[in-house]
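> could you look at this predicted model? Sequence included:
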Amino acid sequence: MKLSPRLCSSFQALVTRGKKTPATVETLTRADLPLESTCKAAPGSCDMLVQVDYSTLNYKDAMVVTGTYPGMKPPMIGGIDLVGKVVETGSASHAVGDSVVVNGWGIGTDHYGGYAGEARVRSDWAIKLPEGMASKDAAKIGTAGYTAMLCAQAMMHSGVTPASGPVLVTGATGGVGSVAILLLSQLGFHVVAVSGKAEAEADYLKSLGAAEVVDRAQFEGEPKPLGRETYGGAIDSCGGKVLANILPQIKHSGVVAACGLAGGMGLGTTVAPFILRGVTLAGVESVFLPMEKRMAAYGRFGPLLTADKLALVSGEERTVALGQLPDLGGQMLKGNIRGRYVVDLSL
C-alpha cells in the first residue's frame with residue numbers, strides 16, 4: 001500500500017499544555033501517542049493507528065483548545081471526532097487502508113483526539129465509513145450530527161410523528177440544532193427553530209428546513225407547571241430554563257430529547273407534564289453508546305445527510321486548519337459560531 005507523504009515519523013498536532021492556556025501547534029511523533037486508552041471509562045489497548053484526514057470543532061473542543069475544559073489533565077490533544085485511514089490495526093474487523101470514523105469514547109477530552117496528523121485509538125471505537133459517504137461529509141456530520149440522529153431516533157421511537165404537531169429544535173444555529181433541522185424537515189416535520197439570534201439567523205435556519213424561527217427569550221422566563229399544549233416534541237441542547245419552559249408546552253404523549261446543557265445544568269420544573277400529559281424526557285448520551293446503536297442511527301438517518309444538505313451547515317469557507325482553532329473556539333464559547341467547522345489536517 002502506498003502511504004500518504006504525511007505518514008512519516010513526525011506530524012503536526014494542536015496541543016493544550018495548561019489550564020487557561022490556549023492550544024498551540026506542535027510537532028509530535030508516534031512515540032508521543034498513548035498505547036493504552038487514557039480514558040478511565042473506556043480502558044483497553046490502543047491497537048489501531050489512524051492517519052487523520054479530518055476532525056471538527058465542537059463545544060467540548062472549544063473548551064479544550066482555550067484551556068477551559070473542566071477537569072482537563074494537560075497535555076491534551078482535542079478533537080472529539082476524527083475521520084481517517086487505518087495505518088495499523090490489531091483487529092480482524094478492520095483492515096489497513098480502511099476509512100473509519102471515531103466519535104466520542106473520550107477522545108479529545110480524556111484521550112488524545114483528532115487534532116493531530118495521526119491518532120492511536122482502540123479498534124472497537126472505530127466505525128467503517130458508511131458506504132457512499134465521503135470522508136469530509138462524515139466529518140461534517142461528526143459528533144454533533146450523530147447526536148442529532150440519536151435525538152431524532154429517541155423522539156420517533158417513542159411515537160412522535162409529523163402528525164403529532166410542530167416540533168421544537170433549540171440551539172438551532174449550533175451543530176446539533178442545525179443537523180436536527182435538516183433531518184426533521186426531510187422527515188416531514190414542521191420544525192420550529194429556537195435561537196437567541198432569531199432575527200439575524202432566520203434566513204439561514206429556513207434554508208435548513210425550519211418552518212418557523214422564534215426567539216429563545218420566549219423560553220427563558222419563569223416556567224409554569226403546565227402551559228398550552230403546542231408542540232408534539234422537541235430536541236433540546238440548552239437545558240436549564242429553556243428546557244423547563246418547553247416541557248409544560250409539550251402535547252400529551254410527546255417526547256423531548258435532551259442532549260445538552262448550554263443554558264445550564266439545573267432543571268427547575270414540576271412533575272405535572274409527566275404525570276398529567278404522559279410527556280417523556282428522553283436523555284441522549286452519545287459518547288459511550290454501544291456500537292450497534294451507533295450503526296443503527298447512521299443507517300437510518302445518514303442517507304438523508306447528503307453532500308448538498310451538509311454544505312448548508314458546513315460550506316467550504318468553514319474548512320479550517322489547526323492553527324485557526326483557538327480563536328474559533330473562543331468565538332464558539334461566546335455564541336458567535338453557527339453551523340459546523342471541519343478541520344482539514346492537510347492544511
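That came through fine. Numbering: from 1, shown residues only.
> now Gly71: how far from Gln12?
Taking C-beta to C-beta, to the nearest Å as the measure, Gly71 falls 26 Å from Gln12. For glycine as for every other residue, the C-beta is placed from the backbone atoms N, C-alpha and C.
> centroid-nearest residue for the chain?
When the chain is reduced to its mean C-alpha position, the nearest residue by C-alpha atoms, centre = their mean turns out to be Ala144, at 1.8 Å.
> which residues sit in contact with that residue?
Contact partners of Ala144, counting by C-beta atoms under 8 Å, 6 or more residues apart in numbering, are Thr56, Asn58, Gly174, Gly175, Val176, Ser178, Val179, Arg340.
> count the residues that sit near Ala139.
Using other C-beta atoms under 10 Å, Ala139 is surrounded by 28 other residues.
> ok, it - contacts?
With the criterion set at C-beta under 8 Å, 6+ apart, Ala139 makes contact with Asp53, Tyr54, Ser55, Thr56, Asp81, Val83, Val342, Val343.
> then Asp61?
Taking C-beta under 8 Å, 6+ apart as the criterion, Asp61 is in contact with Gly78, Gly79, Ile80, Gly108, Gly113, Tyr115, Leu325, Gly329.
> what's the closest of those residues to Thr319?
Leu325 (12.3 Å; C-beta to C-beta).
> where does that closest one land in three-state SS?
helix (DSSP: H, G, I helix; E, B strand; the rest coil).
> isn't it right up against Leu14?
Yes: in this structure, Leu325 sits in contact with Leu14. The criterion is C-beta atoms under 8 Å, and the distance is 5.9 Å.
> looking at the contacts of Ala144, spot the one nearest Ala119.
Looking across these and measuring by C-beta to C-beta, the closest to Ala119 is Thr56, at 13.7 Å.
> and that closest one, how far from Gly106?
When C-beta to C-beta is the yardstick, Thr56 and Gly106 sit 16 Å from each other.
> and those two? Which one has more around it.
Each of Thr56 and Gly106 has its neighbours counted (other C-beta under 10 Å); Thr56 has more, 30 against 18.
> circling back: and the residue nearest to the centre of the chain, what pLDDT?
The pLDDT attached to Ala144 in the predicted structure is 93.
> excluding sequence neighbours, find me the nearest residue to it.
Nearest-residue entry for Ala144: Gly175, 2.8 Å, with adjacent residues in sequence omitted and distances by C-beta to C-beta, 6 or more residues apart in numbering.
> in this structure the one you found contacts Gly145, no?
Yes: in this structure, Gly175 sits in contact with Gly145. The criterion is C-beta under 8 Å, and the distance is 7.0 Å.
> give the residues shared as contacts by those two.
Shared contacts of Gly175 and Gly145, defined by C-beta under 8 Å, 6+ apart, comprise Arg340.
> which neighbours do Leu325 and Leu14 have in common?
With C-beta under 8 Å, 6+ apart applied, the overlap between the contact sets of Leu325 and Leu14 consists of Ala23, Val65, Gly78, Tyr115.
> what's the spacing between the third one and Glu26?
Distance, Gly78 to Glu26, using C-beta to C-beta: 13 Å.
> and what of Thr161?
51 Å.
> which of those two has more neighbours?
Neighbours per residue (other C-beta under 10 Å) separate Thr161 from Glu26, with Glu26 holding more: 17 against 14.
> please name the nearest non-neighbouring residue to that one.
For Glu26, the nearest residue in space outside its immediate sequence neighbours is Val15; the separation is 4.9 Å by C-beta to C-beta, 6+ apart.
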